[in-house]
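Engineer: What would the 3D arrangement of this be:
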Amino acid sequence: MAGSALVLFTVVAIVLAGSSEPAEIRGASVSNDGRRLDVEYVAPDETCGGEPRIRAEETSSVVTITVEIHRPFEFGTRTCLLRGRLMSAGVDLANPLGDRTVIDGSTTRPVPLTEDHD
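Structural biologist: Below is the predicted model of the structure:
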């Protein structure tokens, strides 16, 4: 009996935590010093809700960028339009980008880069 209560509690906790889904990354611009990437991604319509979460994982040859849209759990139903909007968010790197490749963490494809001219 105690084991089934633990399983039920775990399932309820996971459901109440909400969900995340990857966002499509369209490209990124690199700051002049190479320490920041401004990432363009497709976010769901405002009617869908959700907060973007962006992270960078760095190695000596690759920077992997992942953008996820986190949606908190909600009771009831909501109408969500299936159209996207182009958004951007910045992520700071521990080391300058240099000649490292930038990869989309959800698709493992290279991310097109442009230089920031500010």
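Engineer: going forward, measure contacts and count neighbours with C-alpha atoms only.
Structural biologist: OK.
Engineer: Not counting its neighbours along the chain, what's nearest Arg109?
Structural biologist: The shortest distance from Arg109 to any non-neighbouring residue, by C-alpha to C-alpha, 6 or more residues apart in numbering, is to Ile103 (5.5 Å).
Engineer: for the one you found, which residues make a bridge with it?
Structural biologist: Thr64, Pro110 (DSSP bridges).
Engineer: pLDDT score for it?
Structural biologist: As predicted, Ile103 sits at a pLDDT of 97.
Engineer: ditto for Glu24
Structural biologist: Predicted confidence (pLDDT) for Glu24: 87.
Engineer: now the one 10 residues further on
Structural biologist: The pLDDT attached to Gly34 in the predicted structure is 96.
Engineer: Let me see the contact set for it.
Structural biologist: Asn95, Pro96, Leu97, Gly98 (C-alpha atoms under 8 Å, 6 or more residues apart in numbering).
Engineer: Return the distance of the residue nearest to Arg109 relative to Ile65.
Structural biologist: 6 Å (C-alpha to C-alpha, to the nearest Å).
Engineer: for this protein, what spans make up the helices?
Structural biologist: Counting by DSSP state H, residue ranges of the helices within the chain are 2-16.
Engineer: hang on, the earlier thing: Ile103 and Ile65: who's more crowded?
Structural biologist: Taking other C-alpha atoms under 10 Å, Ile103 and Ile65 do not tie; Ile65 has more neighbours (23 against 20).
Engineer: Quick check, pLDDT for Val39.
Structural biologist: 96.
Engineer: isn't it right up against Ala28?
Structural biologist: Yes. Look at Val39 against Ala28 with C-alpha atoms under 8 Å: they come within range, at 4.3 Å.
Engineer: so what's the nearest residue to Asp104 once chain neighbours are set aside up against?
Structural biologist: Spatial nearest neighbour of Asp104, chain neighbours left out: Ile65 (5.2 Å); criterion: C-alpha to C-alpha, 6+ apart. Ile65 makes contact with Ile54, Arg55, Ala56, Glu57, Val102, Ile103, Asp104, Gly105, according to C-alpha under 8 Å, 6+ apart.
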